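Engineer: Pasting the sequence and the predicted coordinates here, then a few questions.
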Number of protein chains: 2
Amino acid sequence: MKLDARIEAAIGSAISSAQGGSAPPRLAQALHYAVTPGGARIRPTILLSVALACGDDRPGLSNAAAAALELMHCASLVHDDLPCFDDAPVRRGKPTVHLAYSEPLAVLTGDSLIIQAFDILTRAAGDQPARALELVGILSRRSGMPYGICAGQGWESETKVDLSAYHQAKTGALFIAATQMGAVAAGQEAEPWFELGARIGEAFQVADDLRDALYDEATLGKPAGQDAAHARPSAVAELGVQGAIRRLSDILGGAISSIPSCKGEAMLADLVRRTAERMTPVAPVSSATKVRA
Amino acid sequence: MKLDARIEAAIGSAISSAQGGSAPPRLAQALHYAVTPGGARIRPTILLSVALACGDDRPGLSNAAAAALELMHCASLVHDDLPCFDDAPVRRGKPTVHLAYSEPLAVLTGDSLIIQAFDILTRAAGDQPARALELVGILSRRSGMPYGICAGQGWESETKVDLSAYHQAKTGALFIAATQMGAVAAGQEAEPWFELGARIGEAFQVADDLRDALYDEATLGKPAGQDAAHARPSAVAELGVQGAIRRLSDILGGAISSIPSCKGEAMLADLVRRTAERMTPVAPVSSATKVRA
């Protein structure tokens, strides 16, 4: 599929440029290890879809934006898997970076991927420095503090949690970045695209809670039952399995009606529907009795 | 002193904006903890001095660049102090972030500071998006892979080390960023300022090796004798104490002659001389017998 090929090529090129020159070889390998094989690449797919819906007049810049967003996401996975957070042994069906390479190299892999995300945006600016700078700004605001994925992860170190801030930062942030960066890369304003990203993010959070509660490790490619094990807030804990599935459907309906008027409106509605199908658990390997929360 | 006040105000404003909104409170506190009290703020001081020497026609942008550089430096200190790296208990005379706040919050503090560094550059762009984007590019290239401080730290996980690449990335990189970002913030080209930054970086590395070998923890504000303890390459191991002091003096002479022709040339030469005086160990608390390498 065309989008997949664009995304993989852009990620490959971002990693190659981080590995060039006289780079320390093991850290260079770890960067590649951390971003391959890809998961669903759902965030960059949304980003490029929005860019296409907006005309995609600077495809080089949209490709860089897609890769930057995925690098930031992969960086967060590498750091979240560290022993001091989830202590996860497996990610996408293979040993996590700190087990495959060492804990120091996992910290540095995350740091390097974060930085490389910004670097590739500057290299892809071409004749549009203002657009590229706005992309840097959106990515940084949805990754750092106080609204980004770092803030989301930070809430897990608090005794009293602002649940709405937690969810929007932890999961929603990079979906908001996806829709807004897609629009900005194609020369459109960011603001009208906030709601679509936020709603897809909410849907993803509910779907992730469902998968964590219903699937086993072999199906997930990472440890299952982590929400219950770490006593994390979850839609399944709050609403039960059927309630969470209904909520997912409601949110996705809202996402579709929030799509700003543009040439590619119908295509985007279709993307949200297909994403919803991929998200919704249809064949849980374990029974619902696995739900501990 | 005027430069100090500009730097502290810019850092304070960068941290405030990361703490705003509905940020998780402990991570928000940890960000402030990690950047205060400042060390010598030597990198942002060099940056602003170069900007002034080049006319400093956009002081808001130079201030943001100075803060961005210091945030990146502080992020690297927080991550380097982690148990999986130096396992340092003390930094700038107080407990390291992972001891004061927890290891998860130390990882997130480093990540958030890195991201905030880029964010403040986008916010300070004003009418100069191309300059701000170039600042993002220089900072990212001197922080990440393959040439930045992440690469430098990455070399410490290799069995065979490219010493020249190691030193330039580990210590030199942020000094190159300092001189180049200062010039670019003031509308000048980056390239002519590479050598001054690289030479100050070399000098700093030699001075740091000397301090690590000669001083004790109380004087350093962090554990001493770490190069020998971790069997790291060091100028003292290679040249002895007197040889390293001579080398420091040679490098600083080269730094002064490398200053590009500009209005503030004499002021910059004076800055290098003052920096040299601050760097050179004059009153080692322990005797030279402490040198173990």
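Structural biologist: Great, that's in hand. Numbers count the residues shown, from 1 in each chain, chains lettered A, B, ... in the order given.

Engineer: residue boundaries of the strands in the stretch 51-200 of chain A?
Structural biologist: A:90-91, A:94-95 (DSSP state E, counting those that start in this stretch).

Engineer: Quick check: residues of the stretch 151-293 of chain A near chain B?
Structural biologist: A:151, A:153, A:154, A:155, A:156, A:157, A:158, A:162, A:165 (Cβ under 8 Å from any Cβ of the partner chain). Backbone N, C-alpha and C define where each C-beta goes, glycine included.

Engineer: min pLDDT across the residues you listed, which one?
Structural biologist: For these, the model is least confident at residue A:162; its pLDDT is 85.

Engineer: any idea how far residue A:197 is from that residue?
Structural biologist: 20 Å (Cβ to Cβ, to the nearest Å).

Engineer: Between the two, which has more neighbouring residues?
Structural biologist: A count of neighbours by other Cβ atoms under 10 Å in any protein chain shown puts residue A:197 above the other of residue A:162 and residue A:197, at 29 against 15.

Engineer: Please look at that one and residue A:181 and confirm they touch.
Structural biologist: No - counting by Cβ atoms under 8 Å, residue A:197 does not reach residue A:181; the two are 9.3 Å apart.

Engineer: Please report how far the nearest residue to residue A:217 once chain neighbours are set aside lies from residue A:277.
Structural biologist: Once flanking residues are discounted, residue A:217 sits nearest to residue A:224: 5.1 Å by Cβ to Cβ, 6 or more residues apart in numbering or on different chains. Separation of residue A:224 from residue A:277 (Cβ to Cβ): 21 Å.

Engineer: for residue A:78, same thing?
Structural biologist: 29 Å.

Engineer: Give me the more crowded residue out of these two.
Structural biologist: Between residue A:78 and residue A:277, counted using other Cβ under 10 Å, the more crowded position is residue A:78 (28 against 9).

Engineer: For that one, which residues are in contact?
Structural biologist: A:34, A:96, A:97, A:98, A:106, A:109, A:110, A:113 (Cβ atoms under 8 Å, 6 or more residues apart in numbering or on different chains).

Engineer: ok, now residue A:166?
Structural biologist: A:152, A:155, A:156, A:233.

Engineer: Tell me where the stretch 1-150 of chain A has helices.
Structural biologist: A:2-19, A:25-35, A:42-53, A:59-80, A:97-100, A:103-123, A:129-141, A:149-155 (DSSP state H, counting those that start in this stretch).

Engineer: Neighbour count for the contacts of residue A:166 - can I get that in a markdown table?
Structural biologist: Compiled in a markdown table, these are given as follows (neighbours: other Cβ atoms under 10 Å in any protein chain shown):
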| residue | neighbour count |
| --- | --- |
| A:152 | 23 |
| A:155 | 24 |
| A:156 | 20 |
| A:233 | 15 |
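
Engineer: Out of the residues you listed, flag the one nearest to residue B:256.
Structural biologist: residue A:152 (48.2 Å; Cβ to Cβ).

Engineer: I'd guessed that closest one sits against residue A:169; true?
Structural biologist: Yes - in this structure, residue A:152 is within contact of residue A:169 by Cβ under 8 Å, at 3.5 Å.

Engineer: contacting residues around the one helix or strand residue A:274 maps to?
Structural biologist: Element membership of residue A:274 [criterion: DSSP states H and E] is helix A:265-279. If you take Cβ under 8 Å, 6+ apart as the criterion, helix A:265-279 is touched by A:40, A:42, A:45-46, A:49-50, A:52-53, A:196, A:200, A:203-204, A:207, A:248-249, A:252, A:255-256, A:259, A:262.

Engineer: Just the buried ones from those?
Structural biologist: A:42, A:45-46, A:49-50, A:52-53, A:196, A:200, A:203-204, A:207, A:248, A:252, A:255-256, A:259, A:262 (16 or more other Cβ atoms under 10 Å in any protein chain shown).

Engineer: re the thing from before, could you list the buried residues of the helix holding residue A:274?
Structural biologist: Under 16+ other Cβ under 10 Å, the buried positions of helix A:265-279 are A:268, A:271, A:272, A:275, A:276, A:279.

Engineer: Would you reformat those as JSON lines and include pLDDT?
Structural biologist: Output for the buried residues of helix A:265-279, formatted as JSON lines (pLDDT from 0 to 100):
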{"residue": "A:268", "pLDDT": "95"}
{"residue": "A:271", "pLDDT": "90"}
{"residue": "A:272", "pLDDT": "90"}
{"residue": "A:275", "pLDDT": "82"}
{"residue": "A:276", "pLDDT": "78"}
{"residue": "A:279", "pLDDT": "75"}
